[in-house]
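Student: Fold the stuff below for me.
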Amino acid sequence: MYQDPDVITALLAESRVIAVVGLSPKPDRPSHEVAAYLQRHGYRIIPVNPAAAGTQILGEHCYATLTLAAAALAEQGTRIDLVDVFRKPDQVEPVADEAIAIRAKGLWLQLGIVNQAAIDKALAAGLAVVADRCTKIDHAIRHR
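Tutor: Numbering: from 1, shown residues only. Below is the predicted model of the structure:
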């Protein structure tokens, strides 16, 4: 469910700027590994992590919230296309609300993350949604 191959392919092809919510500054964490991979493959990664706000992760300024990140990028003439979430399922709904508010094209919940209320909200607002999948794995499958 919420793993439509066409949606996955379109999100990966059409997104250029990906906000990674829950991006850890620690290189040994899955969020950091996935974000670094995506960055190496041409995506601009925008770190969102309240605990690391104001620091640099992967050479990009880290923001406390999606809303703050989107506002800063808007000043640069850029927008967030995809919100890639590395948070516990019970913490996803506010992230979905922010993704809707900033008018992201898609909401991607990483492996093991499913929150039906957040998915329903995002879909109702017109966002493409992927849940319980990994952006790195799906990108690698499509770009062998």
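Student: Just the helices from this protein, written as ranges.
Tutor: Using DSSP state H, the helices of the chain run over residues 5-14, 30-40, 66-75, 92-101, 116-124, 135-142.
Student: Show me what the shortest one is packed against.
Tutor: Translated: helix 135-142. helix 5-14, helix 30-40 (3 or more CB pairs under 8 Å, 6 or more residues apart in numbering; DSSP states H and E). The C-beta positions use only the backbone N, C-alpha and C, and glycine is treated the same way.
Student: Give me the mean pLDDT for that helix.
Tutor: The average pLDDT for helix 135-142 rounds to 96.
Student: still on that earlier bit, which of the helices of the chain sits closest to Asp81?
Tutor: Nearest to Asp81, of all the helices of the chain, is helix 5-14, at 6.9 Å by CB to CB.
Student: got the angle for the closest one vs helix 30-40?
Tutor: 60 degrees (axes from the mean of the first three to the mean of the last three CA atoms, to 10 degrees).
Student: Contacts only, for the residue nearest in space to the middle of the chain.
Tutor: Using CA atoms, centre = their mean, the residue of the chain that lies closest to the mean C-alpha position is Asp84, 1.7 Å off. Contact analysis of Asp84 by CB atoms under 8 Å, 6 or more residues apart in numbering lists 18-21, 34-35, 38, 108, 110, 135.
Student: before we move on, what about Ala99?
Tutor: Counted by CB under 8 Å, 6+ apart, Ala99 has contacts 66, 83, 107, 122, 127.
Student: Now do it, the pLDDT please.
Tutor: Note for Ala99: predicted pLDDT of 98.
Student: what sits against the most far-flung residue of the chain relative to its centre?
Tutor: Taking CA atoms, centre = their mean, the residue of the chain most remote from its mean C-alpha position is Arg144, at 22.3 Å. Residues near Arg144 by CB under 8 Å, 6+ apart: none.
Student: Can you tell me how far the residue nearest to the centre of the chain is from Glu75?
Tutor: Between Asp84 and Glu75 the distance is 22 Å, computed by CB to CB, to the nearest Å.
Student: Any stretches of the chain with poor pLDDT?
Tutor: Where the chain drops to pLDDT under 70, the residues are 1.
Student: hmm, 90 instead?
Tutor: 1-2, 143-144 (pLDDT under 90).
Student: All set, thanks.
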